[in-house]
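Asks: Take a look and give me a structure for this.
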Amino acid sequence: MNVLIVDDEKYIVKGLKHSLEQNGYNVFAAYSGAEAIEYLENNIIHFIILDLMLPDTDGMMLCKKIRQKFDIPILMLSAKDGDYDKILGFEFGADDYMTKPFNTLELIARIKAIIRRIDRKFDDKLIVKDDLVINLNERKVYLRGEEVNLTVKEFDVLYLLASNPGRVFTREEIYNMVWKEDAYDVRTIDVHIKNIRDKIEDKKHPKYIMTKWGVGYYFNKN
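Replies: Next up, the predicted model:
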């Protein structure tokens, strides 16, 4: 999961980045509102940690601006601990609010709680694996932030495998579930798998779609 930290206090960013990476997150850092917007427009970001005191903009207004364009959970950080400030933060679109100084373990626990709520909301229709993002609602696939141009059937095959990581599907099962026909053509499945791999895999080191020789294909869950 990609996390964007927006804070101009570099020592806080450095400490948070280290802790989040230790917990398996990919971390980006922006030190101004303008830099944050640039990151969001050019990368796939799944979570934002937003400080309210920024050098070029008010954090509340930046939160509102982000919320108008992006449906990304936001956890606000602020030195202000008054109830009014917290309420205002929620009204401007924050999903959670923490005051400085904060406990890093609590912050990470809150991130996980928010993500769990979102996963339930979207009914597991967003699959994230390393640099690959598969969005069933939009029927789009992104690799390292760039959209991958898949055909309708290529998307369906990829989503079938990715939504059942580790499960080996025979060619016949893939054909029956995607084309919804009993008779199947082995070459059709192999060609579609090859096309998908050409678009999302490093040919020398494939890590998403794996072959179970003599059986079929599966999506790597490791």
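Asks: Quick check: chain neighbours aside, which residue is closest to the residue most central in space within the chain?
Replies: When Cα atoms, centre = their mean is applied to the chain, the residue found nearest the centroid is His46 (4.4 Å). Using Cβ to Cβ, 6 or more residues apart in numbering and skipping the chain neighbours, the partner closest in space to His46 is Met1 (4.6 Å). (C-beta placed from N, C-alpha, C; glycine too.)
Asks: ok, residues contacting the helix or strand encompassing Ile48?
Replies: Per DSSP states H and E: Ile48 is located in strand 47-51. Strand 47-51 is contacted by residues 1-9, 12, 16, 25, 36, 59, 62-63, 66, 72-78, 94, 107, 111, 114-115 when judged by Cβ atoms under 8 Å, 6 or more residues apart in numbering.
Asks: Paired strands for it, with orientation please.
Replies: strand 2-6 (parallel), strand 74-78 (parallel) (DSSP bridges).
Asks: Of all those, which one is nearest Ile196?
Replies: strand 2-6 (22.5 Å; Cβ to Cβ).
Asks: Pull out the CA atoms of that closest one and give them to me as CSV.
Replies: In CSV, the C-alpha atoms belonging to strand 2-6 read as follows (Å, rounded to 0.1, in the frame of the first residue of the first chain):
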residue,chain,number,x,y,z
ASN,A,2,1.3,3.5,-0.9
VAL,A,3,1.2,6.1,1.8
LEU,A,4,1.8,9.8,1.2
ILE,A,5,3.0,11.9,4.1
VAL,A,6,2.4,15.6,3.7
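Asks: what about the longest helix in the protein?
Replies: As assigned by DSSP state H, the longest helix anywhere in the chain is helix 104-121.
Asks: what about that one, distance to the chain center?
Replies: Between the centre of helix 104-121 and the centre of its chain there are 13 Å (Cα atoms, centre = their mean, to the nearest Å).
Asks: can you list the domains in the protein?
Replies: 2-121, 126-219 (automatic domain parsing).
Asks: Dump these to CSV, plus mean pLDDT.
Replies: Listed next are the domains of the chain as CSV, based on pLDDT from 0 to 100:
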stretch, mean pLDDT
domain 2-121, 87
domain 126-219, 89
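Asks: And the helices in this protein?
Replies: 10-22, 33-42, 59-69, 83-91, 104-121, 152-162, 171-178, 186-200.
Asks: Of all the ones you listed, which one comes closest to Gly214?
Replies: Using Cβ to Cβ, the helices of the chain put helix 171-178 closest to Gly214, at 11.2 Å.
Asks: Quick check, Glu201 in contact with Thr211.
Replies: No: using Cβ atoms under 8 Å, Glu201 makes no contact with Thr211, being 11.7 Å away.
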